[in-house]
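Chemist: Give me a model of this one.
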Amino acid sequence: MHPMVKPALRRAWRERQTVQFGITPAHAVVVGPVDTATGSFLDLLDGTRGLPLLREEARTMGLPDGKADALVDRLAAAGLLDDSTADGRAAEALRNRKVELDRLRADLASLSVTHREPGAAMDRLAARRTMRVQVRGAGRVGAAVASALSGAGVGRVDVLDSGVAEAWDVAPGGLPAESVGERRDVAARHLVRRSAPSRSGRSASGAGGAETEAAEDPSTGGRQAERPERADERAARASVGGGAGLSLVIVAPRDGLAAYAPDPASAERWIATGTPHLYAGVVEATGVVGPLVLPGGTACAGCLTEERVGREPGWPLMLAQWRSGRRASVTPACDLGLATTVAGLTAAHALSFLDGELPASTGARWEITLPLLDWRSERIVPHPACPCGAAGEAEGEGMTVPRAAHDTMVR
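Modeler: So this is what the prediction gives:
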């Protein structure tokens, strides 16, 4: 171990013998009393020295035997230390990809703040490269979510949608203007590849973070030509309803009604395979994030429907009309600022889950409505009439252990 005081936590002396690491109350730690020799020793914790050398230098500073180890243990327990040589094949492989790692250094710094154990940040960042996320929807919300996840280092991001991109699908961070008229799934695949933290770009459907070079096609004015679809991609497209091998499914439809009032039938396969899934979208100037459904452990789309029908018996009749109405010619009320906000929060919740946490959208939904933009949260309780089985669990039970088939860091 080469201990290093986490550089992402800024240091300030509160007074002569008390030092604070970090600014915000969520992550700040106060250490004291700190005498002059100990303060000098803290400056040596920069990741360039192993423990044997630190012990020697501590003795030359006049610190008693055992003091160096005690300080390192104390700072590590407080979540203030990282390990610049954290081992593990995945972490080592990421270190060897300098271009990719440089793009992800801000993410690595953030993970070092939120995960206390030395080396945990690099481990989690490396683990993202092994994960596969499916985003269902390539509108203003879905495309931006896919781009953010790819840019944050998720190894495989598949985007599913139909039709061709319209002018109102275009958004900064999402589909570019030149994608108008292009198939949405193809445009999204280009976007994911461009967003990946590697020089040549990682394929949207490339497993394990493999990089691919996209050929220049002179006939398209220098635009990247779409490579032929591989056999594994054809298989993925053929089984778009399934969840096998997926770390997470994000349901972010262009018509936000399917996120605000999701159809339980569309989630049956995910419930059956234990695939975690997160709903997000914008409908009529209202943004929604959640619920994040952990099958068998938290409330699902069926629970949400049962609860709404219990409060509003006419809900199924209205919902049937909204779903079957002629929507093809109606431009969605999807404000760009609101869509970008929802996409960013959705990506953050998804990454939190993939990194091993249970974000606030787990079994809950967050809503924000224009023009006042006040956030509201609603806890969604598992419903006994829903066949998903979550109502049979004690509260919180089954939430922290997604099934082994899904490569998240939750444990």
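Chemist: mind listing the strands for the chain?
Modeler: Taking DSSP state E as the test, the strands found in the chain are 3-5, 11-15, 18-21, 29-31, 81-83, 132-136, 156-160, 248-251, 277-283, 286-293, 364-369, 375-379.
Chemist: For the fifth one, which strands pair with it and how are they oriented?
Modeler: On the basis of DSSP bridges, the sheet neighbours of strand 81-83 come out as strand 3-5 (antiparallel).
Chemist: Please list the outside residues in contact with the partner strand.
Modeler: With Cβ atoms under 8 Å, 6 or more residues apart in numbering as the test, strand 3-5 has contacts from 11, 21, 42, 45-47, 49, 51, 54, 72, 75-76, 80-84, 118. All C-beta spots, glycine's among them, are computed from the backbone N, C-alpha and C.
Chemist: Please narrow those residues to those residing in helices.
Modeler: Of the positions in the contacts of strand 3-5, 42, 51, 54, 72, 75-76 sit in helices, assigned by DSSP state H.
Chemist: Return the closest of the residues you listed with respect to L63.
Modeler: Using Cβ to Cβ, L54 is the member of these that lies nearest L63, at 10.1 Å.
Chemist: Distance of the closest one relative to T60?
Modeler: Using Cβ to Cβ, to the nearest Å, one obtains 11 Å as the distance from L54 to T60.
Chemist: Compare neighbour counts for these two and give me the winner.
Modeler: Set L54 next to T60 and count neighbours by other Cβ atoms under 10 Å: L54 wins out with 20 against 7.
Chemist: Without its sequence neighbours, what residue ends up closest to that one?
Modeler: With Cβ to Cβ, 6 or more residues apart in numbering as the measure, A68 is the residue that lies nearest to L54, at 5.0 Å, once sequence neighbours are left out.
Chemist: Same check on W366?
Modeler: With Cβ to Cβ, 6+ apart as the measure, V289 is the residue that lies nearest to W366, at 4.6 Å, once sequence neighbours are left out.
Chemist: Report the contact partners of the residue positioned nearest the centre of the chain.
Modeler: Among the residues of the chain, the one closest to the centroid is L351, at 1.6 Å (Cα atoms, centre = their mean). If a contact means Cβ under 8 Å, 6+ apart, then L351 has 128, 149, 152, 154 as its contacts.
Chemist: Next one: the residue nearest to the first one when sequence neighbours are not counted from L125, what distance?
Modeler: What sits nearest to R128 in space, not counting adjacent residues and going by Cβ to Cβ, 6+ apart, is G153, at 4.3 Å. Distance of G153 to L125, given as Cβ to Cβ: 6 Å.
Chemist: what touches both of the two?
Modeler: Shared contacts of G153 and L125, defined by Cβ under 8 Å, 6+ apart, comprise 104, 107.
Chemist: Can you say which two of the contacts of L351 are spatially most distant?
Modeler: Put simply, by Cβ to Cβ the two of those set farthest apart are R128 and L149, 8.7 Å from each other.
Chemist: okay, these two: which has more neighbours?
Modeler: The residue with more neighbours, out of R128 and L149 and counting by other Cβ under 10 Å, is L149; that gives 28 against 25.
Chemist: Any idea how many residues pack against the residue nearest to that one when sequence neighbours are not counted?
Modeler: The shortest distance from L149 to any residue other than its chain neighbours is 5.1 Å, reached at V157 (Cβ to Cβ, 6+ apart). By other Cβ under 10 Å, 30 other residues sit near V157.
Chemist: same deal with the one 10 residues further on?
Modeler: Close neighbours of A167, defined as other Cβ under 10 Å, add up to 9.
Chemist: Now do the helix ranked longest in the chain, average pLDDT.
Modeler: The residue-count maximum for a helix in the chain (DSSP H) belongs to helix 336-354. Per-residue pLDDT over helix 336-354 has a mean of 98.
Chemist: Give me the distance between R183 and H190.
Modeler: Taking Cβ to Cβ as the measure, R183 falls 10 Å from H190.
Chemist: Also L149?
Modeler: 15 Å.
Chemist: my read: A187 touches G163, true?
Modeler: No - with contacts defined as Cβ atoms under 8 Å, A187 does not count as touching G163, sitting 10.7 Å away.
Chemist: ends of stretch 85-99, how far apart?
Modeler: End-to-end span of stretch 85-99 (Cα to Cα, to the nearest Å): 19 Å.
Chemist: what comes into contact with it?
Modeler: The set of residues external to stretch 85-99 that reach it, using Cβ under 8 Å, 6+ apart, is 1-2, 47, 100-101, 118-120, 122-123, 125-127, 129-130, 197-199.
Chemist: at 6 Å what do you get?
Modeler: Residues from elsewhere that reach stretch 85-99 (Cβ atoms under 6 Å, 6 or more residues apart in numbering): 2, 101, 119, 122-123, 126, 199.
Chemist: What average pLDDT does it get?
Modeler: Over the span of stretch 85-99, the pLDDT mean works out to 77.
Chemist: ok, now stretch 311-330?
Modeler: For stretch 311-330, the per-residue pLDDT values average out at 84.
Chemist: Repeat that for stretch 380-398.
Modeler: 80.
Chemist: rewinding a little: which strand residues bridge the residue nearest to W366?
Modeler: Applying DSSP bridges, one finds that V289 bridges with A280, W366.
Chemist: contacting residues for it?
Modeler: In this structure, V289 makes contact with 280, 345-346, 361, 366, judged by Cβ under 6 Å, 6+ apart.
Chemist: Give me the distance between it and R95.
Modeler: Following Cβ to Cβ, the distance that separates V289 from R95 is 33 Å.
Chemist: Phi, psi for T130 please.
Modeler: When quoted as degrees, to the nearest 10, the phi and psi of T130 stand at phi -90, psi 0.
Chemist: per-residue confidence for it?
Modeler: With respect to pLDDT, T130 has a value of 93.
Chemist: Use 33 as the first number for this chain going forward.
Modeler: Noted, 33 is the first residue going forward, which turns the last one into T162.
Chemist: Next, count neighbours for the residue nearest to G54 when sequence neighbours are not counted.
Modeler: The spatially closest residue to G54, leaving aside those adjacent along the chain, is A60, at 3.7 Å (Cβ to Cβ, 6+ apart). Around A60 there are 13 other residues, counting by other Cβ under 10 Å.
Chemist: List only buried entries from the contacts of strand 35-37.
Modeler: The neighbour-count test (16 or more other Cβ atoms under 10 Å) marks 53, 74, 77, 79, 81, 86, 104, 107-108, 112-116, 150 as buried among these.
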